[in-house]
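K.L.:
How does the following fold in three dimensions:
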Amino acid sequence: MTPEAAAKTLAVLGRELRNALTRRMLTLRTVSEPTIRILEAKLRDDLLLNPAREIAKNTQSRIVDILNRMAPEQAEDVLGSLAAVKPTEAAALRSKMFSFKDIDTLSMKARSILFDKVPSEQIVLALKDTDTVFRDAVLSALGARARRLVENELSGGVGTPKEVAAARQAISAIVLDLIGRGEIEVSTEEPADS
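P.N.:
Numbers count the residues shown, from 1 in each chain. Take a look at the predicted model:
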């Protein structure tokens, strides 16, 4: 660092830190060339090569997580906008997304693990206005007692559209959490058999 750059850097620091750094600078010793080369190589690898891969992966994961937590219409709008400019990235994001309507793509084991963690009231709300094939896929993952309870509740009037959407989003969040912890996996094949 040039003396001018060092002076500007020290000037923006607080008085105590500036004085402590100046005292430390007096005790600094020269670093050997081999040590400098090793440090430069390691820093280059860590700062320039590895983060590029990690940042791309982390950025995609972060965006997918954000999109999964958005209202479906908003997420579709964002993906549509992105697809117009970067179709490959949009397709990659879309393939990693998960919503309530994708539950029937989970294996029976994954659905069982999921619905063991979801209160039956939430299942009832989320299943409102779903088709019978989807509903059967969900109900097949429940134990006999829970299934009867949910079926009985479904026959009565259940929640507002806002409550239904909230229940579906909560279940999707649980799925994403389970996937993140490695407790379940998302199938890339056709919907699972009931």
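
K.L.:
next one: the helix or strand Ala11 falls within to chain centre, how far?
P.N.:
Using DSSP states H and E, Ala11 sits in helix 3-12. Distance, stretch centre to chain centre, for helix 3-12: 41 Å (CA atoms, centre = their mean, to the nearest Å).

K.L.:
got the contact list for it?
P.N.:
With contact meaning CB atoms under 8 Å, 6 or more residues apart in numbering, helix 3-12 is reached by 1, 18, 21-22. (C-beta placed from N, C-alpha, C; glycine too.)

K.L.:
What's the first helix or strand after that helix?
P.N.:
Following helix 3-12 toward the C-terminus (DSSP H and E): helix 15-27.

K.L.:
Farthest pair within the contacts of helix 3-12?
P.N.:
Met1 and Arg18 (14.8 Å; CB to CB).

K.L.:
Please say which of those two ends up with more neighbours.
P.N.:
Between Met1 and Arg18, Arg18 has the larger neighbour count (other CB atoms under 10 Å), namely 14 against 8.

K.L.:
Quick one, grab the pLDDT at the more buried one.
P.N.:
Looking at Arg18, its pLDDT stands at 86.

K.L.:
What sits closest to it if chain neighbours are left out?
P.N.:
Leu10 (5.0 Å; CB to CB, 6 or more residues apart in numbering).

K.L.:
now for the helix or strand Gly80 falls within, which elements pack on it?
P.N.:
Gly80 is part of helix 72-85 when elements are defined by DSSP H and E. The helices and strands touching helix 72-85, judged by 3 or more CB pairs under 8 Å, 6 or more residues apart in numbering; DSSP states H and E, are helix 50-69, helix 87-96.

K.L.:
Tell me which of the ones you listed lies nearest to Ala141.
P.N.:
helix 50-69 (20.7 Å).

K.L.:
Give me the phi and psi angles of Leu28.
P.N.:
phi -70, psi 140 (degrees, to the nearest 10).

K.L.:
number of nearby residues for it?
P.N.:
Neighbours of Leu28 (other CB under 10 Å): 7.

K.L.:
so how far is Thr22 from it?
P.N.:
Remark: distance between Leu28 and Thr22 (CB to CB, to the nearest Å) = 11 Å.
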